[in-house]
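A.B. asks: Take a look and give me a structure for this.
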Amino acid sequence: MLQEIRQQPAALERTLSAEMLRVERFRRIVAKRRPRLIVLVARGTSDNAALFGRYLLEITTGIPVSLAAPSIQTLYQAAVDYRDTLVVAISQSGESTDTNVVLEQARLRGALTLGITNESSSTLANLAEHLILVRARKERSVAATKTYTGQMMVLYLLAYALGAGIRIADLERLPETVEHTLRLEGEVAELSQRYRFMRHAVVVGRGLNYANAFEFALKLMETCYVVAERFSSADFLHGPIALVEPSFPVFAFAPPGVTWASISQTLDKAAGLKAEILAITDSGNPEAARKATRVIRLPRRVKEVFTPIPYIVPAQLFAAHLATEKGLDPDRPRTLSKVTLTL
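C.D. replies: Purely as a prediction, here's the structure:
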């Protein structure tokens, strides 16, 4: 897991450079066949990437985005009309059974289909009309890391193909930003020691980093066996904050920008309850340090729209090192395997 976390700058750079021809080709296709709706279908970590994609694509393209519920088709056998819809299947392995069923049915029912996967010879790659590959190379750890950020990079490229004001030059800076973020590993490893006996936690994010709250919580659950609930900062204040008591761990993604007011309010409430608050932020938000118990601060300021990829990296490192602190092997979580087949 740690090796693959450290491979992310190279994986992101490969994905960006190797897939631009496919992206430009797809850009020409959707210019002639612009979808009125986008449906993203995925499971597990890929579903968290899809949640990020929903925010990114709606914000930057104005096209409504829905997250598919595969059981509508795999269990209830519903006939869904996918005309004028772009259906995007996201899977690390390309072998997620229910994801592939939705993709296949969507293509039969009029959708334009796109696959996003790390495996070029997978079932998903063969089912989709169009394909954009994550170039992360083989991912061996059960806990997905480099494929998650790779999928997010591809979703930025998809937004670009759909006419969003995403500059490729900004995407080209992300691998270096992640490289600089990885230099925090020693600090993060030391910090994880404090949480060795943690059994419950809450992870909070909002907007583009809402998906990272889900992904960080998933990593804590699958590698550290911590019961980690994840919330939008807005939803958190509507009831779940009742969980918080003195020393209760609250993790927050706290970038500067439009979501900070909501995150700030949440941190104030949690601090008033004497929670143990760890905020992930960057040098553009010094106020976060005054509101949190502890801070992981990225060394460079990042434009809010591009924060999700570098912000998840210290969370991945934290989970991997915390698992080791707990005497667990993050590469071999109990009862889990790399590919999970569900219908």
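
A.B. asks: For burial, what's the neighbour tally of residue 34?
C.D. replies: 14 (other Cβ atoms under 10 Å). Where C-beta positions appear, they are placed from N, C-alpha and C, glycine not excepted.

A.B. asks: looking at this, it is in a strand?
C.D. replies: No: going by DSSP: H, G, I helix; E, B strand; the rest coil, the assignment for residue 34 is coil, not a strand.

A.B. asks: got the residue ranges for the helices in the stretch 51-200 of the chain?
C.D. replies: Using DSSP state H, counting those that start in this stretch, the helices of the stretch 51-200 of the chain run over 71-74, 97-108, 123-127, 146-161, 168-172, 174-182, 185-192.

A.B. asks: What mean pLDDT does the fifth one get?
C.D. replies: The one in question is helix 168-172. Mean pLDDT, computed over helix 168-172, is 97.

A.B. asks: same for it, what does it pack against?
C.D. replies: helix 8-32, helix 146-161 (3 or more Cβ pairs under 8 Å, 6 or more residues apart in numbering; DSSP states H and E).

A.B. asks: After the first one, which helix or strand is next? Please name it.
C.D. replies: Once helix 8-32 ends, the next helix or strand along the chain (criterion: DSSP states H and E) is strand 37-41.

A.B. asks: which SSE is residue 280 in?
C.D. replies: Judged by DSSP H and E, residue 280 forms part of strand 276-282.

A.B. asks: Buried residues, the helix or strand just after that strand. List them.
C.D. replies: Per DSSP H and E, the first helix or strand lying C-terminal to strand 276-282 is helix 287-291. For helix 287-291, burial by neighbour count (16 or more other Cβ atoms under 10 Å) applies to 288, 291.

A.B. asks: could you check the distance from residue 30 over to residue 110?
C.D. replies: 15 Å (Cβ to Cβ, to the nearest Å).

A.B. asks: Tabulate the CA atom coordinates of the strand holding residue 280 in CSV.
C.D. replies: Only the C-alpha atoms of strand 276-282 are listed here, as CSV (Å, rounded to 0.1, in the frame of the first residue of the first chain):
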residue,chain,number,x,y,z
GLU,A,276,-9.9,15.8,18.8
ILE,A,277,-9.8,17.5,15.4
LEU,A,278,-7.3,16.7,12.6
ALA,A,279,-7.6,19.0,9.6
ILE,A,280,-6.1,18.4,6.2
THR,A,281,-5.5,21.7,4.5
ASP,A,282,-2.8,23.7,2.6
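
A.B. asks: Now do it: everything it contacts.
C.D. replies: The contact list for strand 276-282 (Cβ atoms under 8 Å, 6 or more residues apart in numbering) reads 191, 247-256, 267, 270-271, 288-289, 291-302, 307, 310-311, 314-315.

A.B. asks: need the contact list for residue 30.
C.D. replies: Contacts of residue 30 by Cβ under 8 Å, 6+ apart are 86, 112, 161, 162.

A.B. asks: could you redo the last one with a cut-off of 10 Å?
C.D. replies: By Cβ atoms under 10 Å, 6 or more residues apart in numbering, residue 30 lies in contact with 61, 63, 86, 112, 114, 130, 158, 161, 162, 163.

A.B. asks: quick one, domains of this protein?
C.D. replies: If you go by automatic domain parsing, the domain ranges for the chain are 2-172, 177-325.
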